[in-house]
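Participant: sequence first, then the predicted structure:
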Amino acid sequence: MEIWELLKEFFDAEIKKLKLKSYYFPLFITENVVQKKKDHFEGFAPEVAWVTKTGNSELEAPIAIRPTSETVMYPYFAKWIRSHRNLPLRCNQWCSVVRWECSNPIPLIRSREFLWQEGHTVFATKEESDEEVLHILELYRRIYEEFLAVPVSKGRKSEVEKFAGGLYTTSVEAFIPNTGRGIQAATSNCLGQNFAKMFEIFFEDENDPAQKKKEKNKRSLVWQNSWAYTTRSIGVMVMTHGDDKGLVLPPRVAPIQVMVIPDPLEDADMTAIKEVCETIVYTLSQAGIRADLDARENYTPEWKHSHWEMKGVPLRIEIDVKDLANKQVRVVRRDNGAKVDIPSTDLVEHVQVLLDRIQDSLFETAKQKRDACIEVVYTWDEFTAAVNDKKLILAPWCDEEEVEKDVRARTEGDLGSAKTLCAPFDQPDLVEGTVCFASGKPAKTWSFWGRSY
Ligand code: 87F
C-alpha cells in the first residue's frame, strides 16, 4: 500500500498540473444503468459481480459492483455539459474495482478486486483529446521506467485488442523474461464520440455558425478520453526485479530505503552502538531518505539480514564495535550484494548516490534482459519458433483483424495463444515490399506479438 501511495503521489501531482479534478462516484450500479448500455457491457458481462441479497432477503433488482465507471459517470456528464464553457471537463477517481476473474487469478496481476485511477475527460475537439491521450501515456511510461524501473514500450493497440467502446487505444507494454509473457501495463484511450452518442453528451459549439445563431437542435457531440493504471503495476515490478532471495525494490518506490542493523559482537558496548544507529536513522530521515532501525533483540543480525533482503529493502547498513571505533559503517546493496565501508561523516551523500545507482542499475539490467528477448521475425515459421521460445516478437504485419484472429487460433495451446501487444510508436524502418509474417499481404506496420498475461 505504501508503494501504491508513492506512485499515487507522483501521478496525482502530475494530473493536477493538467487541471484534473478529483471525483468519487458510487460503487454500486443499478441494473437499469448497466442494461441501458448493454452494447458496451456485453463482452465484459461474465466478469460483472452482482449483489442479489441483503441478509436473508432477495433484492428486488440486483445491483452491479463497478468494474469500471463509464456507465456511472457519463449520465452525469450529459447533465453537466451544456455549452463549450463547460469544457474541458476533466475528472479522475482513485478507487477499487471488481472483475470476477475465474481463470487463473494471480495476486496483483489478475485479481478480482484491484485499485486503480480512472481518468475520464471530455473535450470540444479531437485535437485536445489526441494530445491528452499521449500526455497521459507519457506519465504511465514514467511511472514504470522512472519509478518502478521497468522498461515499457509505448504503442497503439490493434483493433482486436483495443477498448471496444472507443476510437483507439494506446498502451505501455511490459515483458516478463522469466515467463516469456507480455503484459499490458496501462492504457490511455481516445473514446472518440461513441460514448457521447450513447449517453447523449452534447455541447453548444461556439465555432459552429449555426449553433451561434441558436438554431434549434444544433449541438455538437463531445470528444472523450479514458485512461487507467492499476495495482498490477506493482505486480509487474515484483516479477521484473525479484530474485531467489525475495523482493527487490527500486529505491524510488521502496517504503524503507535503508535498514540499519546493529551487530552486537560479544562484550560490545551495545548502548553506544544503538546510539550511533539511532543517529544515523535520524540523519538520513532528516535528509529525506526513508530509513529505519531494526533494534529487536530477539533476532540475530544474520536473521535480520535475510529478513530485510526478502522484503526487498535496497540498502542495509551494518554497524559493529569496530565500525564504531573507525567512525565508519558498512553498507550492503540488495540488488547485487556489494559491500562498501563508508565514513559516517558523509553518509547522506554516499547513501543518496548508492540509491540512485541502484535505481539506474535495476532499470538497465531489466532493459537488457527485456531487449535480449526481442526477436525480429519475417516468416510464419520464424514466428512459431519464437513463440515457443517465449520471445517478445517484433514482426511486420498487415494490420488486419481477421489475420490477428487467425494467428490466435493457430497458436492456441496450453500456455495460451499469441496476440498483438502493441504497434510501437518507435517503429523500425518498414522497407518497401515487406510482407506480413502471417498473411503474406503487404505489411502496414511493425507490431509486438507474444503470449501475454
Ligand atoms: C469488465 C466488466 C465490465 C474492462 C470490464 O480502459 C466492463 C469492463 O469496460 C470494461 N473490463 N472494461 C474496459 C475498461 C475501459 C476503460 N475504463 C476506464 C479503460 C480506462 C479506464
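Facilitator: Good, I have the coordinates.

Participant: where does pLDDT dip in this structure?
Facilitator: Flagging of the chain using pLDDT under 70 yields the residue ranges 34-41, 212, 214-217, 266-268.

Participant: mind checking what secondary structure the residue nearest the centre of it has?
Facilitator: The structure's the chain has its C-alpha centroid closest to Ser233; by Cα atoms, centre = their mean the separation is 3.7 Å. Following DSSP: H, G, I helix; E, B strand; the rest coil, Ser233 is assigned to helix.

Participant: I'd guessed it sits against Leu7; true?
Facilitator: Yes: contact criterion Cβ atoms under 8 Å: Ser233 and Leu7 qualify, at 6.8 Å. Glycine gets a C-beta too; all of them are placed from N, C-alpha and C.

Participant: what do the two both touch?
Facilitator: Common contacts of Ser233 and Leu7 (Cβ atoms under 8 Å, 6 or more residues apart in numbering): 143, 148.

Participant: SS state for the one residue in the stretch 51-200 of the chain that gets nearest to the ligand?
Facilitator: Going by Cβ to the nearest ligand atom, the ligand is nearest to Pro67 of the stretch 51-200 of the chain, at 3.3 Å. Using three-state DSSP, the structure places Pro67 in coil.

Participant: thinking it is in contact with Gly43, fair?
Facilitator: No: contact between Pro67 and Gly43 fails when scored by Cβ under 8 Å: they sit 11.5 Å apart.

Participant: so these two - more neighbours on which side?
Facilitator: Pro67 (19 against 10; other Cβ atoms under 10 Å).

Participant: related to what we said a few turns ago, burial count for the residue lying closest to the residue of the stretch 51-200 of the chain closest to the ligand once chain neighbours are set aside?
Facilitator: Of all residues not flanking Pro67 in the chain, Arg99 sits nearest, at 4.9 Å (Cβ to Cβ, 6 or more residues apart in numbering). The burial count assigned to Arg99 is 18, neighbours taken as other Cβ under 10 Å.

Participant: just Glu302 next, same as before
Facilitator: What Glu302 shows, counting by other Cβ under 10 Å, is a neighbour count of 10.

Participant: and for Lys21?
Facilitator: Quick note: Lys21 (other Cβ under 10 Å) scores 11 neighbours.

Participant: residues in contact with it?
Facilitator: The contact partners of Lys21, taken as Cβ under 8 Å, 6+ apart, are 90-92.

Participant: beta partners for it?
Facilitator: Lys21 has these beta-bridge partners by DSSP bridges: Cys91.

Participant: so which bits of the stretch 1-150 of the chain are right by the ligand?
Facilitator: Contact residues (Cβ under 6 Å from any ligand atom) of the stretch 1-150 of the chain with the ligand: 41, 44, 47-48, 67-68, 99, 118.

Participant: which of those fall within strands?
Facilitator: Taking DSSP state E, the ones among those that sit in strands are Glu118.

Participant: show the buried residues in the residues of the stretch 1-150 of the chain next to the ligand.
Facilitator: 41, 48, 67-68, 99, 118 (16 or more other Cβ atoms under 10 Å).

Participant: and the helices in the stretch 51-200 of the chain?
Facilitator: 70-80, 126-142, 194-199 (DSSP state H, counting those that start in this stretch).

Participant: put the alpha carbons of the shortest one into CSV.
Facilitator: Once side chains and other backbone atoms are set aside, the C-alpha atoms of helix 194-199 remain, and they are given as CSV (Å, rounded to 0.1, in the frame of the first residue of the first chain):
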residue,chain,number,x,y,z
ASN,A,194,-19.0,6.8,-29.4
PHE,A,195,-19.9,7.3,-25.8
ALA,A,196,-21.2,10.8,-26.5
LYS,A,197,-23.7,9.3,-28.8
MET,A,198,-24.7,6.5,-26.4
PHE,A,199,-25.1,8.9,-23.4
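
Participant: tell me how far Leu265 lies from the ligand.
Facilitator: Leu265 sits 56 Å away from the ligand, going by Cβ to the nearest ligand atom, to the nearest Å.

Participant: got the contact list for whatever residue of the stretch 251-400 of the chain ends up closest to the ligand?
Facilitator: Of all residues in the stretch 251-400 of the chain, Asp399 sits closest to the ligand, at 21.1 Å by Cβ to the nearest ligand atom. Applying Cβ under 8 Å, 6+ apart, we find Asp399 in contact with 158, 423, 444-445, 447.

Participant: go with 6 Å
Facilitator: Taking Cβ atoms under 6 Å, 6 or more residues apart in numbering, we find Asp399 in contact with 444-445.

Participant: now Thr411
Facilitator: Remark: with contacts taken as Cβ under 6 Å, 6+ apart, Thr411 is in contact with 387, 417-418.

Participant: what's around the closest residue to it other than its chain neighbours, how many residues?
Facilitator: Excluding its sequence neighbours, the residue lying closest to Thr411 (Cβ to Cβ, 6+ apart) is Ala418, at 4.2 Å. Per other Cβ under 10 Å, the neighbour tally for Ala418 reads 27.

Participant: wait, Ala418 touches Val387, no?
Facilitator: Yes: the criterion here is Cβ atoms under 6 Å, and Ala418 meets it with Val387 at 4.9 Å.

Participant: gap between stretch 303-323 and the chain center?
Facilitator: 30 Å (Cα atoms, centre = their mean, to the nearest Å).

Participant: what is the helix or strand harbouring Val332 packed up against?
Facilitator: Per DSSP states H and E: Val332 is located in strand 328-333. If contacts are counted by 3 or more Cβ pairs under 6 Å, 6 or more residues apart in numbering; DSSP states H and E, strand 328-333 sits against strand 315-319, strand 339-343.

Participant: any chance of these in a markdown table, plus mean neighbour count and distance to Phe28?
Facilitator: Formatted as a markdown table, those follow (neighbours: other Cβ atoms under 10 Å; distance: least, Cβ to Cβ, whole Å):
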| stretch | mean neighbour count | distance to Phe28 |
| --- | --- | --- |
| strand 315-319 | 23 | 45 |
| strand 339-343 | 12 | 55 |
